[in-house]
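starting from these lines, generate the structure:
(chains A, B, C and D)
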Number of protein chains: 2
Amino acid sequence: MAQAANSSRTRRQILRAAVKRFANAGYAAASVQQIVGDAKVSKPALYYHFRDKAGLFQALVSEAHDERFGVVQEAAARGRDFRGQLVEILVALFDYFHHHRELTRIAFATAFAAPGEVPAKVRYLDKCQRNLEFIHSLMKRAQADGELGHRFDSRDLAYGFYGLTNFYVRSHLLIPNYRLNRRTAERIVDLFLNGAGAQKKRE
Amino acid sequence: MAQAANSSRTRRQILRAAVKRFANAGYAAASVQQIVGDAKVSKPALYYHFRDKAGLFQALVSEAHDERFGVVQEAAARGRDFRGQLVEILVALFDYFHHHRELTRIAFATAFAAPGEVPAKVRYLDKCQRNLEFIHSLMKRAQADGELGHRFDSRDLAYGFYGLTNFYVRSHLLIPNYRLNRRTAERIVDLFLNGAGAQKKRE
DNA sequence: AACAGTACCTACCGTTCGGTAAGTTTTTAT
DNA sequence: ATAAAAACTTACCGAACGGTAGGTACTGTT
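Have a look, this model is predicted:
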């Protein structure tokens, strides 16, 4: 073959199979035997491309987080005003999740997994923090620009929006019939900006 | 011994050890050998009290969910008005989570776990739905009573509040320095009711 | 032609897994 | 006193686990 090691056909097949297995069984319950079976390669082939089971998992999750982070940043750049940014971010996330359901499952499960369940190697928490910090920076800028009041601490706002978002995505993972489209994104942003108590449309 | 089977000393010891192991390692990675080791009982003692590993886990999670649901209902009954109900629910949940950190970890991890990771026996989804439906009923009643506008669908509101709540608890699980007290509860409820855009205190 | 490195393979390692068979002690019922 | 059920024990399965030793086929380089 003699391709670049990161895009070898075998490597890609292993990753594809691993996503499915990890998504459906979790890290601990997914066995490398099943993975190499699905990928139609031998076990040493897997251990040639990845240091161990943990390394395989890590490569998967790390790449997914980075890609998602990039998507969010691009979306934020597309937004005209603050509300537009939030909507764009949500739409982009919905789209990303729609096309990477299994990776998303893994990411969520990993975030909530018991400390000893998932290989401790990478600090997934850091990657999540990075996302949160980005949202936080948006909130701070919106407050500085006067697009957002100072009634709430910017960190609380970041938590609130992040939480709202996560929950909708999560619900969609569990109950896929809840359709996540641009209209949903706008509704969530309005709920966030105007509150449940708002009686009429924002002017 | 000859006690009621549900409160035998051995059984309680097994459950105590199991909570710790499942919370720290996840379902699949926690082994029954470790559990009986911690509990200082033999393996067949465990299999005497529980049908199998899945049954042990199920008993744990099921009881936790039911207890939590009861706590929420009692809290809601304590609230004077709608806002008070929401605040009371949050305070009660914060308190419950504070005293049952490990069980909470398990509950969250289970909710997000891959389908094949956790024993399929019980529909945990149903227990979560029950919680959501209860919140939903509060929202509907608040709308009927005029305490809440009709700008948002009651189900969206339930999702929103549930999501906000979950996220804060979750954050607290991951980053315990974020203190969850009554003041935090009130801030979250205000954010939910008035929205991030609100500039001044609710009258 | 000789060698080195890549990219795998078959076959197997020691360990640990969930679970059980069969026997023993303790408690309760008659 | 005795049977029987409950509450365990030690000792041990077979299967599956993650991981590896050692060999092989195929490049590309010298």
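
show me where chain A dips below the pLDDT cut-off.
By pLDDT under 70, the low-scoring segments of chain A are A:1-7, A:121-123, A:177-178, A:198-203.

packing partners for the longest helix along it?
Counting by DSSP state H, the longest helix found in chain A is helix A:53-78. The contact analysis (3 or more CB pairs under 8 Å, 6 or more residues apart in numbering or on different chains; DSSP states H and E) places helix A:53-78 against helix A:9-29, helix A:32-39, helix A:82-99, helix A:101-112, helix A:124-144. Placement of C-beta: from N, CA and C, glycine included.

closest to DNA strand C out of these?
helix A:9-29 (3.3 Å; CB to the nearest atom of the strand).

now the closest one: how far from the chain's centre is it?
How far helix A:9-29 lies from its chain's middle: 17 Å, per CA atoms, centre = their mean, to the nearest Å.

for that helix, list the C-alpha coordinates in CSV.
Output in CSV follows, covering the C-alpha atoms of helix A:9-29 (Å, rounded to 0.1, in the frame of the first residue of the first chain):
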residue,chain,number,x,y,z
ARG,A,9,-7.5,1.9,3.8
THR,A,10,-7.1,-0.6,6.6
ARG,A,11,-6.9,2.1,9.2
ARG,A,12,-10.0,3.8,7.9
GLN,A,13,-11.9,0.5,7.9
ILE,A,14,-10.9,-0.1,11.5
LEU,A,15,-12.0,3.4,12.5
ARG,A,16,-15.3,2.9,10.8
ALA,A,17,-16.0,-0.4,12.5
ALA,A,18,-14.8,1.0,15.8
VAL,A,19,-17.2,3.9,15.7
LYS,A,20,-20.1,1.6,15.3
ARG,A,21,-19.0,-0.8,18.0
PHE,A,22,-18.1,1.9,20.5
ALA,A,23,-21.3,3.7,19.8
ASN,A,24,-23.5,0.6,20.3
ALA,A,25,-21.7,-1.1,23.1
GLY,A,26,-19.6,1.5,24.9
TYR,A,27,-15.9,1.5,25.4
ALA,A,28,-15.6,-1.4,27.9
ALA,A,29,-18.1,-3.7,26.3
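
wait, A:Thr110 touches A:Leu125, no?
No. Applying CB atoms under 8 Å as the test, A:Thr110 and A:Leu125 come out as separate, 10.1 Å apart.

and the two? which has more neighbours close in?
A:Thr110 (24 against 11; other CB atoms under 10 Å in any protein chain shown).

distance of A:Leu56 from B:Tyr162?
From A:Leu56 over to B:Tyr162 the distance is 35 Å, taken as CB to CB, to the nearest Å.

which of the two has more residues huddled nearby?
A:Leu56 (24 against 19).

quick check: A:Thr165 touching A:Ile188?
Yes. With contact defined as CB under 8 Å, A:Thr165 reaches A:Ile188; the gap is 7.1 Å.

so which bits of the helix or strand containing A:Asp156 are buried?
Using DSSP states H and E, A:Asp156 falls within helix A:154-174. By 16 or more other CB atoms under 10 Å in any protein chain shown, the buried positions in helix A:154-174 come out as A:154, A:156-174.

follow-up on the earlier one: quick one: the longest helix of chain A near DNA strand C?
No. Helix A:53-78 is not in contact with DNA strand C by CB under 7 Å from any atom of the strand; minimum separation 12.6 Å.

now that helix and helix A:32-39, what's the angle there?
In terms of direction (axes from the mean of the first three to the mean of the last three CA atoms, to 10 degrees), helix A:53-78 departs from helix A:32-39 by 60 degrees.

what comes up buried for helix A:53-78?
A:53, A:56-61, A:64-65, A:68, A:71-72, A:75-76.

give me the common contacts of A:Thr165 and A:Ile188.
Listed as contacting both A:Thr165 and A:Ile188 by CB atoms under 8 Å, 6 or more residues apart in numbering or on different chains are A:Leu90.

neighbours of A:Arg151, how many?
20.

ok, it to B:Asp190 distance?
Per CB to CB, A:Arg151 is found 8 Å from B:Asp190.

how about the closest residue to A:Val41 other than its chain neighbours, what does it touch?
Nearest residue to A:Val41 in three dimensions, chain neighbours excluded: A:Thr10, at 5.5 Å (CB to CB, 6 or more residues apart in numbering or on different chains). By CB under 8 Å, 6+ apart, A:Thr10 lies in contact with A:1, A:39, A:41, A:45, A:49.

out of those residues, what pair is the most spread apart?
Distance extremes for the contacts of A:Thr10: the farthest pair is A:Met1 and A:Ala39 at 15.0 Å, using CB to CB.

of these two, which one has the most company?
More neighbours surround A:Ala39 than the other of A:Met1 and A:Ala39, with 21 against 8 (other CB under 10 Å).

helix, strand or coil: sort out A:Arg80 for me.
When classified by DSSP: H, G, I helix; E, B strand; the rest coil, A:Arg80 comes out as coil.

number of residues surrounding it?
As a burial measure, A:Arg80 scores 9 neighbours (other CB under 10 Å).

for A:Glu133, same thing?
Look at A:Glu133: counted by other CB under 10 Å, it has 12 neighbours.

please name the residues that touch the residue nearest to A:His136 when sequence neighbours are not counted.
Nearest non-adjacent residue to A:His136, counting by CB to CB, 6+ apart: A:Ala158, 3.9 Å away. By CB under 8 Å, 6+ apart, A:Ala158 lies in contact with A:132, A:135-136, A:138-139.

change it to 6 Å
Residues near A:Ala158 by CB atoms under 6 Å, 6 or more residues apart in numbering or on different chains: A:132, A:135-136, A:139.
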